[in-house]
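**Q** This is a predicted model, with the sequence first.
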Amino acid sequence: MLDLLKELLTKKHEKGFLANKVILTCRSCGNTEKPTYYELLSNRQFEVMEQASVPVVDGVYEEEVPATPIKFKMKCPVCGSDVEAFSPVPMEYILMILQSNQPDQIMYG
């Protein structure tokens, strides 16, 4: 999974979903950093957690789908403490975004 992520990131640019910022706040000193998904993923400042099954309701039907949580982590540039935050988006969704084609610029401007 990590090799696929690395390969896909080399083909994408920091725009669209990857340009969204993740707010990381240090519990020790209160410093706030706002790196993008692209920065955190390409610099490997994350940890892939154990996959879990999550119930998804689609109309009348309910099914279990796999979801792999991601924990972003970095060192606080002010005090050096570990700063962590969980991504609200599972790894499967991020891989799906990276594998999709970019929207047509003429049609979507």
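**A** Yep, that arrived.
**Q** in the protein, which spans are helices?
**A** Here the chain has its helices, by DSSP state H, at 2-11, 37-42, 91-99, 105-108.
**Q** any weak-confidence spans in this structure?
**A** Counting by pLDDT under 70, the chain shows low-confidence ranges at 1-2, 7-8, 10-15, 102-105, 107-109.
**Q** Repeat the analysis, applying 80 as the threshold.
**A** 1-17, 100-109 (pLDDT under 80).
**Q** ok, back up a step: looking at the helices of the chain, which is buried most?
**A** Greatest average neighbour count among the helices of the chain goes to helix 37-42 (a mean of 20), per mean count of other C-beta atoms under 10 Å. For every residue, glycine as well, the C-beta is placed using N, CA and C.
**Q** Remind me what it packs against, helices and strands.
**A** helix 2-11 (3 or more C-beta pairs under 8 Å, 6 or more residues apart in numbering; DSSP states H and E).
**Q** any idea how far Glu50 is from Leu5?
**A** Separation of Leu5 from Glu50 (C-beta to C-beta, to the nearest Å): 17 Å.
**Q** Which among the helices of the chain is found nearest to Glu62?
**A** helix 91-99 (18.2 Å; C-beta to C-beta).
**Q** Counting by contacts, list what that closest one packs against.
**A** Going by 3+ C-beta pairs under 8 Å, 6+ apart, helix 91-99 lies up against helix 2-11.
**Q** Mind doing that once more with 10 Å?
**A** Applying 3 or more C-beta pairs under 10 Å, 6 or more residues apart in numbering; DSSP states H and E, one finds that helix 91-99 contacts helix 2-11, helix 37-42, strand 46-48, strand 61-67, strand 70-75.
**Q** With distance to Thr68 added, can I get the helices of the chain in TSV?
**A** Listed next are the helices of the chain as TSV, based on distance: least, C-beta to C-beta, whole Å:
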stretch	distance to Thr68
helix 2-11	11
helix 37-42	13
helix 91-99	4
helix 105-108	29
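**Q** nearest to Val65, of those?
**A** Nearest of those (C-beta to C-beta): helix 91-99, 8.0 Å.
**Q** Distance from the chain centre to the closest one, please.
**A** 9 Å (C-alpha atoms, centre = their mean, to the nearest Å).
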